[in-house]
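Colleague: Model the following, please.
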Amino acid sequence: MSQQPYVSVERGGEGGTRMCAVVTVTVDLAAAREGAAAPAPPSRAEVLLLDCSASMGYPREKLWAAQDAATEAVRALPDGTHFAIVAGRHTAELVYPTGSGPSATTPVRADATTRKEAEEAIARLAPSGGTAIGSWLALARELFGPRPTAAVRHALLLSDGRNEHEEHAALAAEVAACQGLFTCDALGIGEDWDPDELQLVAGGLDGKADAVRDLDALPGEFRAVTAESAGRHLTGLRLRLTHRPGSAPLTVQQVHPTRRDLLADRVTISDRCLEFRTPPWGDETREYLVCVAASRTPQDPVDRALWLADLKVVREARDDEGIAPQLPPARPLLVRWTRHRDLYSTYDPKVAHYAHHDALVRGLEEGRAAQRAGDPVRARAAWGEAVRRAHAMGNEPMLQRLGDVVRIIDAAAGEVEIRPDIRPLDINSAMVLRAHSTMLPPQRTQRKPQEPECR
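Modeller: Got it, this is the predicted structure:
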């Protein structure tokens, strides 16, 4: 838990404030398995959603790259994974497995025979029709349905265009219908995809959205995303927040590796206890920003730590335990009312780090809006601010993407010039990364926070 607990006495008594902390959770699967028989990996299901609209044929290399990428993904699936392949157009078509009867919409197990059959089906894909991403997700939801016991369900979506054959509300409704049923990563290729649509899908379904600018890199990207999903063996972890009366949570967000609001999907355990689901885990670290209301009563002492809430990692009851991690103890969120300005005027470095990210996103969005409105002066200022924030965070991937939009003169000061040859693809490639975040570099941390580990 990383927080700065000091708050001015005056501020606490004037309607209150919010107390924020960053909680770091690390999962070490090797440590969880140490000294015990290796458990069987959880059952898995994977669906590839491949854009096969007419635009994938212009140039034809896009479809060829998608076919190569899908083949690599199928080869990367662990044996026994249930999988299916969907061709996405203005309607969704199941291209593998094929057949008739009740089993026609049931994914098949990955083995040498089914992989070869899938590769042959992929080789027969042809571009035609339009784009309706919601229908692709709906078919994925149907395919995952016959596998209710699959512990890990993941979809990988590829698109080269905008969702032009479907209302935005229909796509949003389908994303909502799929939430909690499976996770989905989304990749954009070509010039015409919409970063907001890909982020809607990936953000709503616990995944990542990104751009693949080099078609030659697409097979490797598919292989990497599939392998990353296959490495997530730990399921059922939840964050449990217990708070004192009057200190209800105001913000609960995953802030690394991607930004995602958790508060809207909370599960109420009691009046003062909430739980938040998390998607499957591999060997990884995630960080969460938690803010709760804090107000001072005349009875509250000064310069003494007071408990506001705590956050604990718990696991859902399971019939088959599989990996049995050692869960860390609860971490308290505290407040200390004080009259010492040198204490309450400082900021926790991790909380400040993620505040930079919020400002970075605002700069990206304001820059795009200004560019569309034909206001280069405002666009330059907004993108300059985004560059400054990315530099302050040590967010090198974002700086690289912004470097295709502006020429960076002084990153620390946010001094930039808009490139004369800027393309929509350059802006989209930066925008699609706005939910990605980087952790605070260790050398910038003023003190070492206690970091709970799931072992």
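Colleague: What helices and strands are in contact with the longest helix along the chain?
Modeller: The longest helix of the chain (DSSP state H) is helix 349-372. With contacts taken as 3 or more CB pairs under 8 Å, 6 or more residues apart in numbering; DSSP states H and E, helix 349-372 sits against strand 2-3, strand 17-27, strand 249-256, strand 284-294, helix 376-393, helix 424-431. Quick note: C-beta positions are derived from backbone N, CA and C, even for glycine.
Colleague: Could you tell me the angle between that helix and strand 249-256?
Modeller: 80 degrees (axes from the mean of the first three to the mean of the last three CA atoms, to 10 degrees).
Colleague: Return the alpha-carbon coordinates of helix 349-372 using CSV.
Modeller: Only the C-alpha atoms of helix 349-372 are listed here, as CSV (Å, rounded to 0.1, in the frame of the first residue of the first chain):
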residue,chain,number,x,y,z
PRO,A,349,4.7,9.4,-5.5
LYS,A,350,2.6,6.5,-6.8
VAL,A,351,-0.7,8.4,-6.5
ALA,A,352,0.9,11.4,-8.3
HIS,A,353,2.3,9.1,-10.9
TYR,A,354,-1.1,7.9,-12.0
ALA,A,355,-2.5,11.5,-11.8
HIS,A,356,0.0,12.2,-14.5
HIS,A,357,-1.6,9.5,-16.6
ASP,A,358,-5.0,11.2,-16.3
ALA,A,359,-3.5,14.4,-17.6
LEU,A,360,-1.8,12.6,-20.4
VAL,A,361,-5.1,11.1,-21.6
ARG,A,362,-6.7,14.6,-21.5
GLY,A,363,-3.8,16.0,-23.6
LEU,A,364,-4.2,13.2,-26.2
GLU,A,365,-7.9,13.7,-26.5
GLU,A,366,-7.7,17.5,-26.6
GLY,A,367,-5.0,17.3,-29.2
ARG,A,368,-7.0,15.0,-31.5
ALA,A,369,-10.1,17.2,-31.1
ALA,A,370,-8.2,20.3,-32.0
GLN,A,371,-6.5,18.7,-35.0
ARG,A,372,-9.9,17.6,-36.3
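Colleague: Number the chain from 32, please
Modeller: Okay, using 32 as the starting number, the last item reads as helix 380-403.
Colleague: Mind listing the residues bridging to Leu320?
Modeller: Val53, Gln284 (DSSP bridges).
Colleague: which residues does it contact?
Modeller: Residues in contact with Leu320 (CB atoms under 8 Å, 6 or more residues apart in numbering) are Cys51, Ala52, Val53, Thr282, Val283, Gln284, Val286, Val382, Tyr385.
Colleague: coming back round to it: now render the helices and strands packed on helix 380-403 as TSV, adding distance to Thr112 and mean pLDDT.
Modeller: What follows is the helices and strands packed on helix 380-403, written out as TSV (distance: least, CB to CB, whole Å; pLDDT from 0 to 100):
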stretch	distance to Thr112	mean pLDDT
strand 33-34	38	94
strand 48-58	21	93
strand 280-287	26	95
strand 315-325	20	95
helix 407-424	36	96
helix 455-462	31	95
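Colleague: for these, which one sits closest to Ala157?
Modeller: Comparison of those against Ala157 by CB to CB identifies helix 455-462 as nearest, at 25.0 Å.
Colleague: what ranges do the helices span in the stretch 232-381 of the chain?
Modeller: Remark: helices assigned in the stretch 232-381 of the chain by DSSP state H, counting those that start in this stretch are 249-261, 372-375, 380-403.
Colleague: between the longest one and strand 48-58, how many degrees?
Modeller: With the same axes, to 10 degrees as the criterion, the two stretches helix 380-403 and strand 48-58 enclose an angle of 100 degrees.
Colleague: what angle do helix 380-403 and helix 455-462 make?
Modeller: Here helix 380-403 points in a direction 160 degrees away from that of helix 455-462 (the same axes, to 10 degrees).
Colleague: and helix 380-403, how far from the chain's centre?
Modeller: Relative to its chain's centre, helix 380-403 lies at 17 Å (CA atoms, centre = their mean, to the nearest Å).
Colleague: Can you list the buried residues in that helix?
Modeller: Residues 380-388, 390-392, 394-395, 397-399, 401-402 are the ones in helix 380-403 that count as buried (16 or more other CB atoms under 10 Å).
Colleague: Now do that helix against helix 407-424, angle only.
Modeller: Between the axes of helix 380-403 and helix 407-424, defined by the same axes, to 10 degrees, the angle is 160 degrees.
Colleague: Am I right that Leu212 is in a strand?
Modeller: No: judged by DSSP: H, G, I helix; E, B strand; the rest coil, Leu212 forms no part of a strand; its state is coil.
Colleague: Return the distance of it relative to His185.
Modeller: Computed as CB to CB, to the nearest Å, the Leu212 to His185 distance reads 11 Å.
Colleague: Comparing those two, which shows the higher neighbour count?
Modeller: Shown here are Leu212 and His185; by other CB atoms under 10 Å, His185 has more neighbours (29 against 16).
Colleague: Check the gap between that one and Pro473 for me.
Modeller: Distance from His185 to Pro473, by CB to CB: 31 Å.
Colleague: One more: Val256?
Modeller: 27 Å.
Colleague: got it, and Trp224?
Modeller: Remark: distance between Trp224 and Pro473 (CB to CB) = 36 Å.
Colleague: Next, the contact list for Ala171, please.
Modeller: Ala171 makes contact with Val78, Leu80, Val117, Ala186, Cys209, Phe213, Cys215 under the criterion CB under 8 Å, 6+ apart.
Colleague: if we go to 6 Å?
Modeller: The contact partners of Ala171, taken as CB atoms under 6 Å, 6 or more residues apart in numbering, are Val78, Ala186.
Colleague: One more: the one 3 residues further on?
Modeller: Taking CB under 6 Å, 6+ apart as the contact definition, Leu174 lies against Val78, Ala115, Thr136, Pro138.
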